[in-house]
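Student: Any chance you could fold what I've pasted below:
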Amino acid sequence: MKKIVTLAMLVVLGVTASNAQETSKVTKKKATTTKVSGAGMVFVNEVIDYGTIAHNADGKREFVFTNNGTKPLIITNAQGSCGCTVPTSPKEPIAPGAKGVIGVKYATDRVGAFTKTVTITSNAEGQPTKVLTIKGTVLADNAKS
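Tutor: Residues are numbered from 1 along each chain as shown. Model (predicted):
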């Protein structure tokens with residue numbers, strides 16, 4: 001009887017391990033970026049959540065992207081939705097397969113919840129403009145996080 005129970009447990013563990021490997025393979029396939037003809041731009045995250053931050057805290061964050069195209073990516077403009085959101089972008093072309101960074105600085109001297117956007121204009125094939133989002137809440141000086 002012990003042999004049957006042990007054998008059954010080994011079979012169940014073997015099937016579970018096999019399924020885990022298959023799931024891992026599927027996840028890896030989904031993670032790969034599709035190549036595009038021309039310049040491309042794929043972001044790691046299109047939304048940055050600052051969460052709850054202190055008044056006058058460091059408001060700098062970064063959007064990381066990869067040129068998944070076959071030609072250099074040229075960013076021609078990065079525009080914040082208001083004066084409190086200041087983006088920076090690479091001035092040089094991003095080679096195919098290379099990574100780049102769009103920096104954004106939010107003015108954390110403004111207390112309260114916020115949701116702002118950064119619009120990127122580039123030569124990316126099929127998406128010449130891309131809208132990125134930042135959000136969070138800045139606490140008043142007397143509030144605790």
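Student: list the contacts for Pro87?
Tutor: Ala78, Gln79, Gly80, Ile102, Gly103, Val104, Lys105, Val118, Ile120 (CB atoms under 8 Å, 6 or more residues apart in numbering). For every residue, glycine as well, the C-beta is placed using N, CA and C.
Student: which of those lies closest to Val86?
Tutor: Nearest to Val86, judged by CB to CB, of the contacts of Pro87 is Lys105 at 4.8 Å.
Student: Could you count how many residues lie near that closest one?
Tutor: For Lys105, the tally of surrounding residues (other CB atoms under 10 Å) stands at 16.
Student: show me what contacts it?
Tutor: Lys105 neighbours (CB under 8 Å, 6+ apart): Gly59, Lys60, Arg61, Thr85, Val86, Pro87, Thr88.
Student: Name the nearest residue to the residue nearest the centre of the chain, ignoring sequence neighbours.
Tutor: The residue lying closest to the centre of the chain (CA atoms, centre = their mean) is Asn45, at 1.2 Å. In this structure, Asn45 finds its nearest non-sequential neighbour in Phe63, 6.8 Å apart by CB to CB, 6 or more residues apart in numbering.
Student: Likewise for Gly100?
Tutor: Nearest residue to Gly100, sequence neighbours excluded (CB to CB, 6+ apart): Ile94, at 4.4 Å.
Student: Any regions of the protein where pLDDT drops low?
Tutor: For the chain, applying pLDDT under 70 flags the ranges 1-33, 143-145.
Student: Helices of that one, residue ranges please.
Tutor: For the chain, the helices defined by DSSP state H occupy 2-31.
Student: can you pull out the strands in it?
Tutor: For the chain, strands defined by DSSP state E occupy the ranges 42-43, 47-53, 60-66, 75-80, 85-88, 99-106, 112-122, 129-138.
Student: Among the ones you listed, which comes closest to Thr34?
Tutor: strand 42-43 (8.4 Å).
Student: Let me see the residues that make contact with the closest one.
Tutor: Residues outside strand 42-43 that contact it (CB under 8 Å, 6+ apart) are Thr33, Phe63, Val64, Phe65, Thr66, Asn68, Lys130, Leu132.
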